[in-house]
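Engineer: What follows is a predicted structure for the sequence shown.
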Amino acid sequence: MDSSVPDGLETANPIRLRIDGMTCGGCAARVEQALRTVHGVRDAGVNLATAVATVVVDSALARSTDLVAAVRSAGYDAEPFRPAAPGATQVERSHTARVQAQKQAVAQAIGLAVPIMALHWLAPTLQGLDPGGHVWPGALQGLLCAMLLASSAGAPILLAGLRALVHRTPNMDLLIALGVSTAFVAGATELVSGGHDAGNFDAAAMILAFINVGRLLELGARRDTTSSIAALVRRIPRAAQRETPRGLEEVPVEDIRPGDRLRVPQDTVVPVDGMVVGGVAALDESAVTGESLPRHRGAGENVCAGTVVRDGMLTIEATRVGADSTIGRIVRAVEEAQSGKTHMQRIADRVAGVFVPIVIALAIATAAGALYWTDLPLSAAVRRAVAVLVIACPCAMGLATPTAVMVATGTAALRGILVRDAAALEAAGQIDCVLWDKTGTLTTGVPHVHATFLAPAGVDPPSECTDARRRELLRLAAAAERLSQHPVARALVRHAEAQGVPPAQAASFTNLPGEGVSAEVEGRRVLVGSEHFLQRHGLETTALRSSLDAASGQAPSVVLVGVDGEAFGGFAVGDELRPEAAAAVASLAELGVASAMLTGDTERAARAVAAASGPYDFRAQLTPHGKLDEVRTRRQAGRRVGFVGDGINDAPALAAADVGVAFAGATDVAVGAADITILHHNLTRIPELVRLARRSVRVIRQNLFWAFFYNVLAIPLAATGRISPGIAAAAMMFSSLSVVLNSLRLRGRRGDAAEPGPAPLS
């Protein structure tokens, strides 16, 4: 198979924007809503975890400047991605800059929060017994707290909250800003009024300290979610050896253009997609296809960027460079998948979008209730309200799904599995039956000689079928078929070459389509074709009957050979089963996923393949519409159907299935209709996909459960004063971090052991 990704994988290039200022799922939902209001926008998706918006537009109606303006009008900032660099590289650079800025914010937060906390704890000792002695510890706390609010640890949060308030887009920053400012104002009011309790300053300090530390940890964890794809991009070398009339010169990869000739020595990474024009080498393609064994590449074959020359040296002519290379398109495909949303995520985003106003109302009700029904002072009521504001931030809810999708799609891409969107990943985890196309999917699609049989020698006593007679049969048949373009004829010629049988020359050749060929080979009349063809030319085939019946059970096609008016022997010819087909079907069965085969081939051909590969349930002689009907019938019966195919006639079934899977070597129509594309034609990737998808769905559900359960449990505790504002900030931080770390578990294993599932297909 060509190791490069075919054109069918490419999709229309959307406009991609980097978004600044998002802190929760509600932010992402509002940015999406703002983008969709721009004239000419067909669809928009925002990934909170990567802070990237992907917008599908009608190029004649919408421009990136209009999109940026819409995002800014919603209270956030945006800038287009530079088209010259892969998106993963830009995300990584932007992420690094944010990490550095957040480190400075953490240093300032801790540097100011620690003395504020120390003053709070030591205040009873420091103020002494003198009248008014309590003022200076509180005043110093207030001064340090004001410095904290004005620092990089506090000012960005307060400004973001103010911006959210002005634009009426409530988000996590608004909750934090309200909590911090409320605590500060309450502490200042108590201090000015001469009260002895300035404890709310420490609450503001603890909130900002925990929030900033949490954001730094979260940024580090988010970086790990994109590390697999970033590592793929980093595999591309910075320079390459280009051939020129003056000899070899080292040039930056960015300067390489299609048509340039490059030298790729041993143990060197191929810098761009290209075609081999010189040399032979063993290529490690594991970074792109997931295949561990090197493959030999020679003149006329394609190689792709990111593969490694393990043995030998190649000269290649660049065909695709930069973002158009295989790795560039893989990265783009993964990024587009990560921008999509599962059904569960859409529900969570809708909840997060209305959650902030509800929390603000709960905080106000908490303070009012504490003052009305209890004897608590104002400062204590304010602390409860602040704790509610802080602990209920919906950040974990917004990160629950996108982080899991990012890790899963990135991990799948490194295994050679490209998922079109998040919904396809979710659907793949729910399938309970897989319908396989036969030709070109379970089989190689290339006819292969399965067996050779000979007629009795016709002497007394009968001689055994010797190897010499078999070679003679093959030599004569290949000579007669050499001028035919029929697939079976090509199979006989290839078989002769593989057996080392020297070719004979045919003096004459006649082809009767659908029946066979007639040729004169070394003065002998040779007929190759069906039993009916030989009988029509007067040959008796009774002596071959037992062999003919046995061969019919081995392969769907049987070709007989007659020489000088007598039946000589024949061949059982059929499609070759892919070696991993039976293992793939068995692995799916262990997962509780049933298999069935759909084919347009004959009943006999389908039965032979089904018996060898394992999907004993099969339907033969189906038209493309018949395959489509089979998919619909099973879906109407309540099954979650995956369809695996590679031909144009499979496109309707691929599109109609819950999940359509095609291979990168398939037709463009099939790849275009599929939800998932396998870069290397390895059927074991199908059960791997199901395992990874199931684990992804399970992790998403765990994340969402924790995000909702956390709020249900935490808000009442904060409202009743059992959790202080500082502890509330820590709890909120750990809730967000937990969903990211839980999602990162998807990187660790290729798949679980067998999982229970539905009963086999009836």
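Structural biologist: Right, received. Where do you want to start? Numbers count the residues shown, from 1 in each chain.

Engineer: Lys438: what's it in contact with?
Structural biologist: 575, 597-599, 601, 605-606, 609 (CB atoms under 8 Å, 6 or more residues apart in numbering). The way it works is simple: take the backbone N, C-alpha and C, and place the C-beta from them, glycine included.

Engineer: rerun at 6 Å
Structural biologist: The contact partners of Lys438, by CB atoms under 6 Å, 6 or more residues apart in numbering, come to 597, 599, 601, 609.

Engineer: Val493 too?
Structural biologist: For Val493, the set of contacting residues under the criterion of CB under 6 Å, 6+ apart consists of 478, 481-482.

Engineer: Skip the chain neighbours and tell me the closest residue to it.
Structural biologist: Spatial nearest neighbour of Val493, excluding adjacent residues (CB to CB, 6 or more residues apart in numbering): Ala478 at 5.1 Å.

Engineer: From Glu531, how far off is the one you found?
Structural biologist: When CB to CB, to the nearest Å is the yardstick, Ala478 and Glu531 sit 20 Å from each other.

Engineer: Neighbour count: these two, which is higher?
Structural biologist: In this view Ala478 and Glu531 are compared by other CB atoms under 10 Å, and Ala478 has more residues nearby, 24 against 18.

Engineer: Next one: that one, what pLDDT does it get?
Structural biologist: Looking at Ala478, its pLDDT reads 90.

Engineer: Can you check my assumption that it lies in a strand?
Structural biologist: No. Counting by DSSP: H, G, I helix; E, B strand; the rest coil, Ala478 is not part of a strand but helix.

Engineer: and the residue nearest in space to the middle of the chain, what element?
Structural biologist: With distances taken as CA atoms, centre = their mean, the residue of the chain nearest its centroid is Thr409 (2.6 Å). Element membership for Thr409, per DSSP states H and E: helix 395-414.

Engineer: can you check Gly562 too?
Structural biologist: Counting by DSSP H and E, Gly562 is part of strand 557-563.

Engineer: helices or strands next to that strand in the packing?
Structural biologist: If you count contacts as 3 or more CB pairs under 6 Å, 6 or more residues apart in numbering; DSSP states H and E, strand 557-563 packs onto strand 524-529, helix 531-536, strand 566-577.

Engineer: Show me the contact partners of it.
Structural biologist: Outside strand 557-563, the residues that touch it by CB under 6 Å, 6+ apart are 473, 477, 524, 526-528, 531, 534, 539, 551-552, 568-574.

Engineer: quick one: the residue nearest to Ile700 when sequence neighbours are not counted from Ser743, how far?
Structural biologist: Nearest in space to Ile700, with sequence neighbours left out and distances taken as CB to CB, 6+ apart, is Ala404 at 4.8 Å. Between Ala404 and Ser743 the distance, using CB to CB, works out to 4 Å.

Engineer: Run through the strands of the stretch 51-200 of the chain in chain order.
Structural biologist: With DSSP state E, counting those that start in this stretch as the definition, the stretch 51-200 of the chain shows strands at residue ranges 52-57, 77-80.

Engineer: would you list those in TSV and tack on mean neighbour count?
Structural biologist: Output for these, formatted as TSV (neighbours: other CB atoms under 10 Å):
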stretch	mean neighbour count
strand 52-57	23
strand 77-80	16
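
Engineer: want to try TSV for the ones you listed, with mean pLDDT and distance to Arg163 as columns?
Structural biologist: As requested, the strands of the stretch 51-200 of the chain are arranged in TSV below (pLDDT from 0 to 100; distance: least, CB to CB, whole Å):
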stretch	mean pLDDT	distance to Arg163
strand 52-57	83	18
strand 77-80	84	10
